[in-house]
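Peer 1: show me how the following folds:
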Amino acid sequence: MRSVATSIEWGTEIDRMFQVNFTDDDLSALKEALSDMRNHVDIYTFIDDDCRYCNNTVELIETISRASPTRNGRRLLVHNVIHRRDNSDLFKKFNIVRVPSVALLEGYIRYTGMPAGEEIRGLVETIIRVSNNDSGLSNSTVNKLATLRGKVHVEVVVTPTCPYCPYAALIANMFAFESYKAGRKAIISDTVEAYENPDIADRYNVMSVPALAINGNLEFVGLPYEEQLLERVIKRSEEAYSREVRRKLISKLIEHLESSEEQH
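Peer 2: A predicted model of the protein is given here:
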């Protein structure tokens, strides 16, 4: 696609992609998939008044929540709708800027834009794996993610009709999940819907999806293997850590020089 935002004009064709329209068979399949959940998961939908697809997103996540199993009279997938005017502090805590956004794990896993169309599959699988505390990643990957020192922001640019995008989003989500579990919280996995966020797609000159950027650098166009993504994440994490160390050293040097001047 030339530019994800301009290749299709806004109107019925795009709006149709973001409609919530589950058939009875779809709902049955959704309930069957979510029946694998074992523990409660909190999911948050962030909205505001001036928002094209906020209501659609709330409806979508609420539908998924209602399809989840119950325990002690409570759904295992607990849906929290957060309006900016009522809870701006939670927007800050989860580092949410754009609406609609959907977030898990304090925003370390998030969807910027509605996770519509094909993305629903990746979101549902993410919910199940978080619920079962099982990322599905190899032990080697899990161990290496637990040692990351520098912060990593993985942006997965997607569209609702892309069949490979959910897998790219899922693997990025699981990287963030394992880092979160290890207490590092070094990775943010951010699945960016391109039609709703054309400036981000244009920033990376995205011509096809999925496209993955790490710390502002476009790394993959297409679905990476686990080992490939791990290699790039480690590289960008070490770069970020080195920058932070240098920043702190410079800050301390400036403080020392200022203190010396004051003494003289």
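Peer 1: any idea whether residue 85 is helix, strand or coil?
Peer 2: At residue 85, secondary structure determined by DSSP: H, G, I helix; E, B strand; the rest coil is coil.
Peer 1: kindly report the same for the one 5 residues further on.
Peer 2: In terms of secondary structure, residue 90 is helix; the call rests on three-state DSSP.
Peer 1: what number of residues lie near it?
Peer 2: Burial of residue 90, expressed as a neighbour count using other Cβ atoms under 10 Å, amounts to 18. The C-beta positions use only the backbone N, C-alpha and C, and glycine is treated the same way.
Peer 1: apart from its neighbours in sequence, what residue is nearest it?
Peer 2: Taking Cβ to Cβ, 6 or more residues apart in numbering, and ignoring the residues beside it in sequence, residue 90 has residue 82 as its nearest neighbour in space, at 5.3 Å.
Peer 1: confirm for me that the one you found is in contact with residue 91.
Peer 2: Yes: shown here, residue 82 and residue 91 form a contact pair, counting by Cβ atoms under 8 Å, at 7.1 Å.
Peer 1: just checking, what packs against the strand or helix carrying residue 229?
Peer 2: Assigned by DSSP states H and E, residue 229 falls within helix 226-263. Contact here means 3 or more Cβ pairs under 8 Å, 6 or more residues apart in numbering; DSSP states H and E; on that basis helix 226-263 packs against helix 139-145, strand 152-158, helix 165-181, strand 211-214, strand 217-221.
Peer 1: run the last query once more with 6 Å
Peer 2: Contacts of helix 226-263 with other secondary structure elements, assessed using 3 or more Cβ pairs under 6 Å, 6 or more residues apart in numbering; DSSP states H and E, are made with strand 152-158.
Peer 1: just how off-centre is the strand it packs on within its chain?
Peer 2: 7 Å (Cα atoms, centre = their mean, to the nearest Å).
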